[in-house]
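Chemist: Provide a 3D model corresponding to the input given below.
(2 chains)
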Amino acid sequence: MNLFTIAWRSIQQRALASALTGFSMALGVALVVAVLVVHNVVADSFQRNAGLGYDIIVGAKGGKLQLVLNTVYHLSTPVENIPYSLLKEFTEGQYKPYVTKAIPYCLGDQYEGQRVVATVADFLGETEYARGRRYEFASGRNFTPDGDFEGVVGALAAHRTGLKVGDTFSPTHGVRDDGQGHKHEPFKVVGILAPSGTPNDRAIFVNIEGFYLQANHAKPVEEAKDHHDAPKTEGMKHDHDHDDHEHEHEHERLPENQRELTAILLQTSTPAAGILLPNKINEGPIAQAVLPIREIRGLFDVIVEPIQMLLLALTVLIVIVSGIGIMVSIYNSMNDRRREIAVMRALGARRSTVMSIVLIESIVLSMAGGVSGWLLGHGMIALMSPMIADRTGVSLGLAPFVAWELALIPGLVLLATLAGYLPALTAYRTDVARALVASP
Amino acid sequence: MLTITDLKKSFQEPGGERLPILDVRSFHLDPGEQVALVGRSGSGKTTLLHIIAGISTPDSGKVVVDGRDITRLPEPLRDRVRAEKIGYVFQTFNLLPGFTALENVMLGMSFTQGKKDEPRARNLLERVGLAHRLKHKPTTLSVGEQQRVAVARSLANRPKLLLADEPTASVDAKHQQQIIDLIRSTCREDGVSLLLVTHASEIASQFDRVDHLEDFNTQEANAR
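Modeler: Numbering: from 1, shown residues only, chains lettered A, B, ... in the order given. Purely as a prediction, here's the structure:
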């Protein structure tokens, strides 16, 4: 019979107290695991997706973080608009050498609570939203530049709305699903995106040309006339009679001087351009350029990390309190066990042996609680995963593992050793002769 | 097997003064010999056994067990001598309640460096008539059965000296003789020296050698 068996028998003998102390440890560890995993996965996902493949976001002057949150993460409310003419500066004008791609981006509509993003087909085309990863289609295809009333639905948005290829949907004006916005003309779903693990899983993408033709999406004519900077491009007559389009009517696209944008997503041509271009844009009066990765990192450094550290500290405190609970439980049992310890000593056990038995007991209780807590924590994460995905678009998966969790094992052994030390010392100091003659 | 010379032991009283308990000039026990040690309650019998077992240390004197003066050994070595050479039967059995009969017998083996010999533990329990109670915990055993488990446990490590401290005091009259017979016969079979402490004259009278503590404990004699 080894010392572990002897310690285990002692735990079994005090089954209820052992179970309760182990359970309190399990709860503490579960909270630590949940905080660690959720934070790491969410932080990693936020920072990994910060640019969605774009280095700079250009939008109206105002809150930088708000621009990033509503453009990339479909959170918060959209900022003011910028003139469409600014897009030309990147595609044809003074900023052209600095960029390899400029994607127009319009927000302001939703469908059954899912944000509708009006953009160009290229946004979902060849762009890598993360290194080596492009958007893929679970069914259907991307909308075409000529398919003005075509749309593509993100994986999660499709799941929530039930939209499938071939369906039509009418976005509602306004980003909030409060039933007050008016309905727009219908778009036809031509593709459903495969899950990408990005916030775009929650969005619906429509052709920007169709978006401009919706009510209240055109800048008033008088205002457009006053805007001398805007190029007076003629609206083009557009025919929707190509093969895969069911709209047979004709309509005119919105003149560029009546167009506005929520944002422009830029891929810069060189790393230096990523530094120079924002400075140039920010010096002007019309727009601001923000580096999404920097903004998100700033958000985490200033707000999220400190809160995370506070949460972690609280949960670690809970684990420590659980450790103290184990200490109290074992220590309280020492009075009853004094005679058992004396008997073991009388049978030849050394002081260090009985001390080891108590320490092993403490470690076994902590580890059993720790492992249960680890499983409980990941179980909680699995249960919380849909809710987090719903709020942030970040899918946690079933069992995300954070390297920091490995520290739990030596951490728990250390805590258990500290917790078990006092009762172990009591066992060590047991006066065998006195304990043997005391009444049982 | 056991030689005690000029052994003195006292305890400190609450007032700070020391109360002498033992003053043994000489005591000897040969290998395989069986001795009943008789003494009145509080005469220091248990204290003497504790000192022989190395559980307590004397104020002065020598206690030689199998050729080694255990009073001069550091505690870890005393523990080792106790584990390997001395068996101990307690008045109140002192079985560990969370362990089965077999595990209680094997418990003593856990503290030696030798082999954890389960067949021997089973064999010992068979010899004390408990082959059918191996997996039973103490609370499910009768008082007599519990003391028989304790006897089997005391012999688990093949000791050379068995110390039995009032082994029948907690056993009903019906089982007392069985326990004494069991202890004496197993010691005889294994060649183990036996020092059995009792205050019951009917038990002591069965031994060839009966020593009265007050006869060789000067302190006790003085107290009288």
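Chemist: helix/strand/coil for residue 78?
Modeler: All of this refers to chain A. With DSSP: H, G, I helix; E, B strand; the rest coil as the basis, residue A:78 sits in coil.
Chemist: I'd like to know how far it sits from residue A:55.
Modeler: Per CB to CB, to the nearest Å, residue A:78 is found 21 Å from residue A:55. (C-beta placed from N, C-alpha, C; glycine too.)
Chemist: Minimum distance to chain B, which residue of the stretch 301-440 of chain A gives it?
Modeler: residue A:348 (2.2 Å; CB to the nearest CB).
Chemist: Make sure that residue is indeed in a helix.
Modeler: No - assigned with three-state DSSP, residue A:348 falls outside any helix and is coil.
Chemist: Now it. Nearest residue, chain neighbours left out?
Modeler: residue B:83 (2.2 Å; CB to CB, 6 or more residues apart in numbering or on different chains).
Chemist: Report pLDDT for that neighbour.
Modeler: pLDDT, residue B:83: 90.
Chemist: what packs against the helix or strand harbouring it?
Modeler: Assigned by DSSP states H and E, residue B:83 belongs to helix B:75-85. Counting contacts by 3 or more CB pairs under 8 Å, 6 or more residues apart in numbering or on different chains; DSSP states H and E, helix B:75-85 packs against helix A:351-392.
Chemist: Check the offset of the helix it packs on from the chain's centre.
Modeler: Relative to the centre of its chain, helix A:351-392 is centred 24 Å away, using CA atoms, centre = their mean, to the nearest Å.
Chemist: Could you point out the helix or strand that follows that helix?
Modeler: Next element after helix A:351-392 (DSSP H and E): helix A:408-428.
Chemist: What about the closest residue to chain A within chain B, how many residues nearby?
Modeler: Residue nearest to chain A within chain B: residue B:83 (2.2 Å; CB to the nearest CB). A total of 26 residues lie near residue B:83 under the criterion other CB atoms under 10 Å in any protein chain shown.
Chemist: My guess is it contacts residue B:111. True?
Modeler: Yes - shown here, residue B:83 and residue B:111 form a contact pair, counting by CB atoms under 8 Å, at 4.9 Å.
Chemist: tell me, what's touching these two both at once?
Modeler: Common neighbours of residue B:83 and residue B:111, using CB atoms under 8 Å, 6 or more residues apart in numbering or on different chains, are A:347, A:348, A:349.
Chemist: Adding pLDDT and neighbour count as columns, could you present these in a markdown table?
Modeler: Formatted as a markdown table, these follow (pLDDT from 0 to 100; neighbours: other CB atoms under 10 Å in any protein chain shown):
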| residue | pLDDT | neighbour count |
| --- | --- | --- |
| A:347 | 90 | 26 |
| A:348 | 89 | 27 |
| A:349 | 91 | 28 |
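Chemist: which of the residues in stretch A:11-28 are buried?
Modeler: Across stretch A:11-28, burial judged by 16 or more other CB atoms under 10 Å in any protein chain shown covers A:11, A:13-14, A:17-18, A:21-28.
Chemist: Can you list the low-confidence ranges for the stretch 1-150 of chain A?
Modeler: A:47-51 (pLDDT under 70).
Chemist: Relative to residue A:271, how far out is the residue lying closest to residue B:54 once chain neighbours are set aside?
Modeler: With sequence-adjacent residues excluded and distances taken as CB to CB, 6+ apart, residue B:54 is closest to residue B:78, at 3.5 Å. Per CB to CB, residue B:78 is found 76 Å from residue A:271.
Chemist: Please identify which of those two sits among more neighbours.
Modeler: For residue B:78 versus residue A:271, neighbours defined as other CB under 10 Å are more numerous around residue B:78 (22 against 9).
Chemist: Next one: the more buried one, what pLDDT does it get?
Modeler: For residue B:78, pLDDT reads 92.
Chemist: Could you list the contact residues of chain B toward chain A?
Modeler: Counting by CB under 8 Å from any CB of the partner chain, chain B comes close to chain A at B:46-47, B:50, B:53, B:55-56, B:75-76, B:79-80, B:82-84, B:88, B:90, B:92, B:94, B:96-99, B:103, B:106-112, B:116, B:153, B:157.
Chemist: Please flag which of those sit within strands.
Modeler: Among those, DSSP state E puts residue B:88 in strands.
Chemist: Flag every buried residue along the longest helix anywhere in chain B.
Modeler: Assignment by DSSP state H gives helix B:173-190 as the longest helix of chain B. Under the neighbour-count criterion of 16+ other CB under 10 Å, helix B:173-190 has B:175, B:176, B:178, B:179, B:180, B:182, B:183, B:184, B:186, B:187, B:190 buried.
Chemist: Could you export those residues as a markdown table, including distance to residue A:282 and pLDDT?
Modeler: What follows is these, written out as a markdown table (distance: CB to CB, whole Å; pLDDT from 0 to 100):
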| residue | distance to residue A:282 | pLDDT |
| --- | --- | --- |
| B:175 | 99 | 79 |
| B:176 | 101 | 85 |
| B:178 | 101 | 83 |
| B:179 | 98 | 85 |
| B:180 | 102 | 90 |
| B:182 | 98 | 87 |
| B:183 | 98 | 90 |
| B:184 | 103 | 92 |
| B:186 | 97 | 88 |
| B:187 | 99 | 91 |
| B:190 | 97 | 88 |
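Chemist: Among those residues, which one sits closest to residue B:5?
Modeler: residue B:187 (24.3 Å; CB to CB).
Chemist: any idea how far that closest one lies from residue B:163?
Modeler: To residue B:163, residue B:187 is 11 Å away according to CB to CB.
Chemist: residues of stretch A:305-325 that come out buried?
Modeler: For stretch A:305-325, the buried set under the neighbour-count rule, 16+ other CB under 10 Å, comprises A:308, A:311, A:312, A:315, A:316, A:318, A:319, A:322, A:323, A:324, A:325.
Chemist: what about it, distance to the chain center?
Modeler: On CA atoms, centre = their mean, the centre of stretch A:305-325 falls 22 Å from the chain's centre.
Chemist: For that stretch, give the mean pLDDT please.
Modeler: 84.
Chemist: contacting residues around that stretch?
Modeler: Contacts for stretch A:305-325 (CB under 8 Å, 6+ apart): A:21, A:24-25, A:27-29, A:31-32, A:35-36, A:39, A:43, A:366, A:369, A:412, A:415-416, A:418-419.
Chemist: who does the longest strand anywhere in chain A touch, helix- and strand-wise?
Modeler: The longest strand of chain A (DSSP E) is strand A:99-111. Of the remaining helices and strands, those touching strand A:99-111 by 3+ CB pairs under 8 Å, 6+ apart are helix A:64-72, helix A:85-91, strand A:114-119, strand A:172-173, helix A:208-212, strand A:260-261, strand A:263-268.
Chemist: Dump these to a markdown table, plus mean neighbour count and distance to chain B.
Modeler: Shown next, in a markdown table, are these (neighbours: other CB atoms under 10 Å in any protein chain shown; distance: least, CB to the nearest CB, whole Å):
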| stretch | mean neighbour count | distance to chain B |
| --- | --- | --- |
| helix A:64-72 | 22 | 60 |
| helix A:85-91 | 20 | 78 |
| strand A:114-119 | 25 | 61 |
| strand A:172-173 | 19 | 69 |
| helix A:208-212 | 25 | 75 |
| strand A:260-261 | 24 | 76 |
| strand A:263-268 | 24 | 69 |
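Chemist: All set, thanks.
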